[in-house]
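> Below are the sequence and a predicted model for it; my questions follow.
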Number of protein chains: 2
Amino acid sequence: MLHAVTDIDTSEALTERQKDVLDAALRLLVEEGDQLTMTAVARRASCSKETLYKWFGDRDGLLTATVQWQASKVRVVPVDRKGLDLASLAASLERFASDWLTVISSDTSIALNRVAVGHASSGKDDLGAIVLENGRFALARRLKPVLEAGKEAGFLEFSDAETAFRTFFGLVARDVQIRLLLGDRLELTDAAIGGDAVRATQQFLALYGAKTGQQGP
Amino acid sequence: MLHAVTDIDTSEALTERQKDVLDAALRLLVEEGDQLTMTAVARRASCSKETLYKWFGDRDGLLTATVQWQASKVRVVPVDRKGLDLASLAASLERFASDWLTVISSDTSIALNRVAVGHASSGKDDLGAIVLENGRFALARRLKPVLEAGKEAGFLEFSDAETAFRTFFGLVARDVQIRLLLGDRLELTDAAIGGDAVRATQQFLALYGAKTGQQGP
DNA sequence: GCCGAACCGTAACGTACGGTACGCCGTCGA
DNA sequence: TCGACGGCGTACCGTACGTTACGGTTCGGC
């Protein structure tokens, strides 16, 4: 299956020089999309193609390493679970929503997702799995403990954390990601992201909040 | 902007033979993804490459024509707005949700969206715009009258139909499309789709239903 | 029956790019 | 001092594929 992939810490033994090269590749990926060439990467990184092939094997290897390198850069900030009241729960949810919207609307995320989607057609490599694992599934892993804590504290009601998470995900992302991937000019200002985060959180609490108790999954 | 593109009836003057060719290209696109070659299309369609170039100009033209051809095939079934009660409104919403999930989980939709996403990087053509226009925006055009009717009939409460639609969209699609595009094996059975449609509709009514009156956009 | 147009099949061309080989240079340990 | 080595720059090879060209075939109109 797809969920049991290397999820944590794949920044395995990369020299500074190699990181620089991957950063260059990443920048090039954002600028030019998937049609970046090995020659262009070598030129941008001021290294030789032979070095690229020695380090990363082939083009797919370079792409995979680049995606993993970017993934390794987004470190997880652990959520503090100490004093949990409804306000702090809502604040946490809003924070997650706003973070997620910021991520998926970033140039880097768009470029990486586009490349991964393109490669998912001919399943040679598992770029899609890597992106998914470090994106949507990483988000679920971070958010679920918060949901569980909210449930234990009596603020949330749900039977399945996965279903609750996916609802939250849908309320937050809506059509944003697919529109951006398809090239729609959808500029999300910080204010708009903040507003959407608040709205999504309120809607989620309306659906899964324990107070009114209106509906489970 | 992206929304003001050719939205209706672009099945402009296509001979039966040309439609057959485009069908072949479409099948090939589903099977092989974006790396389909002109030679492969010509062989599959039993036509010559020269004919392909005469008819469609170049490779991008063929791709665009293929996407438009598929788009022209999904005809809109108008919604009957006659006897509108809450049950029929819910049934309509469930129908939309189930249809949409069926579409985005189909092989054809996945293949087309992948190609369009891949081409959105280097904005030479507007495949992304076409897909978006005949997908997400067409859905909005069809659903909004239903929402407005539900509002006028007193069953729904919202100030902005677009926002309400996007919430419904998010509740229905959630993470399904991005996971499928990224290659996740997410098999949606008819039963699962039906269940999701019911859940999404219930959640949407819980958020925007007029009875309980708990929250607007 | 004859002409031209449309089209099929295929061969050929040009190019872009992945991948490889080689010469040269700076660094470093002996 | 010197050889080895890691890495840069570049030239080169092979191939895949978009695009074009050409000979042969069918078919509608006169």
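Received, thanks. What you are looking at is a predicted structure, and each value in this text was computed from that prediction instead of being measured.
> List the buried residues of stretch A:135-150.
A:135-140, A:142-143, A:146-147, A:149-150 (16 or more other C-beta atoms under 10 Å in any protein chain shown). The way it works is simple: take the backbone N, C-alpha and C, and place the C-beta from them, glycine included.
> Could you pull up the contacting residues of the residue positioned nearest the centre of chain A?
Among the residues of chain A, the one closest to the centroid is A:G135, at 2.7 Å (C-alpha atoms, centre = their mean). If a contact means C-beta atoms under 8 Å, 6 or more residues apart in numbering or on different chains, then A:G135 has A:103-104, A:109, A:113 as its contacts.
> can you check A:L132 too?
Shown in contact with A:L132 (C-beta under 8 Å, 6+ apart): A:2, A:116, B:178-179, B:182-184.
> Kindly export the strand or helix carrying it (C-alpha atoms) in PDB.
Per DSSP states H and E: A:L132 is located in helix A:127-134. Extracted C-alpha coordinates of helix A:127-134, given in PDB (Å, rounded to 0.1, in the frame of the first residue of the first chain):
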ATOM      1  CA  LEU A 127       7.200  10.400  -6.200                       C
ATOM      2  CA  GLY A 128       3.400  10.500  -5.600                       C
ATOM      3  CA  ALA A 129       3.800   8.300  -2.600                       C
ATOM      4  CA  ILE A 130       6.500  10.500  -1.200                       C
ATOM      5  CA  VAL A 131       4.600  13.700  -1.700                       C
ATOM      6  CA  LEU A 132       1.400  12.200  -0.300                       C
ATOM      7  CA  GLU A 133       3.300  10.800   2.700                       C
ATOM      8  CA  ASN A 134       4.900  14.100   3.500                       C
END
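> So which elements touch the following helix or strand past it?
Per DSSP H and E, helix A:127-134 leads on to helix A:136-152 as the next helix or strand towards the C-terminus. Secondary-structure packing of helix A:136-152 (3 or more C-beta pairs under 8 Å, 6 or more residues apart in numbering or on different chains; DSSP states H and E): helix A:86-104, helix A:161-173.
> In CSV: these, plus mean neighbour count and mean pLDDT.
Below are the helices and strands packed on helix A:136-152 laid out as CSV (neighbours: other C-beta atoms under 10 Å in any protein chain shown; pLDDT from 0 to 100):
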stretch, mean neighbour count, mean pLDDT
helix A:86-104, 19, 93
helix A:161-173, 22, 97
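> And the closest residue to A:K144 other than its chain neighbours, how far from A:E152?
Among residues not flanking A:K144 along the chain, A:A161 sits closest, at 4.9 Å (C-beta to C-beta, 6 or more residues apart in numbering or on different chains). Taking C-beta to C-beta, to the nearest Å as the measure, A:A161 falls 11 Å from A:E152.
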